[in-house]
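**Student:** structure of the sequence below:
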Amino acid sequence: MIQHLVTSGTFTLDGGRWDVDNNVWIVGDDREVVVIDPAHDADAIAAAVGERTLLAILCTHAHNDHINAAPDLADRTGAPVLLHPDDRVLWKQTHVEDDPDDDLPDGAVLEVAGIEIRVLHTPGHTPGGVCLYAPALSTVFTGDTLFHGGPGATGRSFSDFPTLVGSIRDRLLTLPEATAVHTGHGDPTTIGGEAPHLEEWIARGW
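**Tutor:** From the prediction side, this is the model:
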């Protein structure tokens, strides 16, 4: 039900440029799927989707390395691109002439292959960052909000550390401890594995 693809490219923001490997997640069955965070390589993502119907392209946030393949993938498949409205200002830094097709608001519930995916607005890494929680799969897709070992980066434009920690505390650490955390980069973790470190993150100003 969950397919994992790693694509490589660059992340650019505030004049900086970094080589990155991104996790792309495909959720569904052998008939229909959604893609979470279409990064870098529309060819590879389209090949992984194959002949299945792509219902939607879901963006956890609008940093370029998570959305740069979105318009191309949408053109190939006809699937709509969904993004929280608070991240449209970041989207426009990458795609000046294209817009997302629809919003991905807090509390929305999407369905693919009989699986519900709930949208949790988790600002801090970006204003419109979201996590996508699939209770039936005991999984949350966190983008760059929460990683194995700590919160996502702050200190760049449109980010705020206290807001990010509050989002993790209030929206993610309230999920069941066994919930798998599938991240935007790097290795997976669990809610239970990260919860004990909340006070440490705050003290370190991570």
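**Student:** show me where this structure has its helices.
**Tutor:** Counting by DSSP state H, the chain has these helices, from start to end: 42-49, 64-67, 70-77, 88-94, 161-167, 191-194, 198-204.
**Student:** who touches the third one?
**Tutor:** If you take Cβ atoms under 8 Å, 6 or more residues apart in numbering as the criterion, helix 70-77 is touched by 35, 38, 42, 45-46, 49, 54, 57, 59, 79-81, 95, 98, 100-101. C-beta coordinates here come from the backbone N, C-alpha and C atoms, glycine included.
**Student:** counting neighbours, what do you get for Val140?
**Tutor:** When counting by other Cβ atoms under 10 Å, one arrives at 27 neighbours for Val140.
**Student:** bridged to it, which residues?
**Tutor:** In this entry, Val140 is beta-bridged to Tyr133, Val181, by DSSP bridges.
**Student:** tell me how far it lies from Ser167.
**Tutor:** Counting by Cβ to Cβ, to the nearest Å, the gap between Val140 and Ser167 amounts to 12 Å.
**Student:** what pLDDT does Gly50 get?
**Tutor:** Per-residue confidence at Gly50 stands at 97 (pLDDT).
**Student:** now do the contacts for the residue lying closest to Asp87 once chain neighbours are set aside.
**Tutor:** Computed as Cβ to Cβ, 6 or more residues apart in numbering, the closest residue to Asp87 that is not its neighbour in sequence is Gly128, at 3.1 Å. For Gly128, the contacting residues are His61, Ala62, Leu83, His84, Pro85, Asp86, Asp87, Arg88, Leu90, His121, by Cβ under 8 Å, 6+ apart.
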